[in-house]
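3D, please:
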Amino acid sequence: MSTWLSRILPGRGTSQGRDPAAASVLQRWESLPEPDLARAHFETRYVVLNTEATGLDLDKDRLLAVAAIVVDSGLISMRDSYYAALEPSPASSLAGLLELAGKGPAVMFNAPFNRGMLERALADHLSIELQISCLDLYWVLPALFPEKLEKPARLADWMAAFQIETFQRHHALGDAWAIAQLFLAAQARALAQGTTSVRALAELERTYRQYWRKV
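All right, here's what the predicted structure looks like:
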């Protein structure tokens, strides 16, 4: 599981369309080292990423806001959280997200949609083609907790299964808070089962995804 892979889009470099503050953040972000995916969960700084959009159609809908919450050494760090609407300054909002996230392992729920929204916005507003590899709890949770829900399910169903609440549903940071709590449960169960590293958890997700597609 590689994590963040990026390149400058041809003809859309720093001098063409990036404000200086966003360019500075991006330069620092690009210089960060890649994370060690063999590290144990409780020694790793994860970042939960989430988006808020006008709808669920990647082709037609647009990104409204982004959010991130850090899960560091098995604890949710609300001081290391981020929420920003894209307007009126999309480049600054997205640069702030990258600054908080760093290049630590990413966690999402329904990764294809959230990743697609983020990658498109980063290309449009920061002129980078970013490929985000992440752990997708949509697959990880049923792999670890079949006694609760035996197949992939909606975020609302997992929140109900774990009796998790949040301050606002369908809000980028509100749902990220719920996802972070679910990830803590996933970390604990994974550790109990001997799935102790980022790479091992990614392999569990991959195996379960392949199994489910054959069912």
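
where are the low-confidence patches of this protein?
Within the chain, the segments meeting pLDDT under 70 span 1-3, 5-18.

Would you mind finding the longest helix in it?
Scanning the chain for the helix with the most residues, using DSSP state H, yields helix 172-192.

Output the contacting helices and strands for the very next helix or strand once past that one.
Going down the chain from helix 172-192, the next helix or strand is helix 198-214, by DSSP states H and E. Counting contacts by 3 or more Cβ pairs under 8 Å, 6 or more residues apart in numbering; DSSP states H and E, helix 198-214 is packed against strand 134-136, helix 137-144, helix 172-192. To be clear about C-beta, it is placed using only N, CA and C from the backbone, and glycine gets the same treatment.

quick check: angle from helix 198-214 to helix 137-144?
Angle, helix 198-214 to helix 137-144, by axes from the mean of the first three to the mean of the last three Cα atoms, to 10 degrees: 90 degrees.

Show me what counts as buried in helix 198-214.
For helix 198-214, burial by neighbour count (16 or more other Cβ atoms under 10 Å) applies to 198, 200-202, 204-205, 208.

Using CSV, write down the CA coordinates of it.
What follows is helix 198-214, C-alpha atoms only, in CSV (Å, rounded to 0.1, in the frame of the first residue of the first chain):
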residue,chain,number,x,y,z
VAL,A,198,-0.7,-0.5,8.2
ARG,A,199,0.4,-2.9,5.5
ALA,A,200,-1.3,-5.9,7.1
LEU,A,201,-4.6,-4.0,7.5
ALA,A,202,-4.4,-3.0,3.8
GLU,A,203,-3.8,-6.6,2.9
LEU,A,204,-6.9,-7.7,5.0
GLU,A,205,-9.0,-5.1,3.1
ARG,A,206,-7.7,-6.3,-0.3
THR,A,207,-8.4,-10.0,0.5
TYR,A,208,-11.9,-9.2,1.8
ARG,A,209,-12.7,-7.1,-1.2
GLN,A,210,-11.6,-9.9,-3.6
TYR,A,211,-13.6,-12.4,-1.6
TRP,A,212,-16.8,-10.3,-1.6
ARG,A,213,-16.6,-9.7,-5.3
LYS,A,214,-16.6,-13.5,-5.9
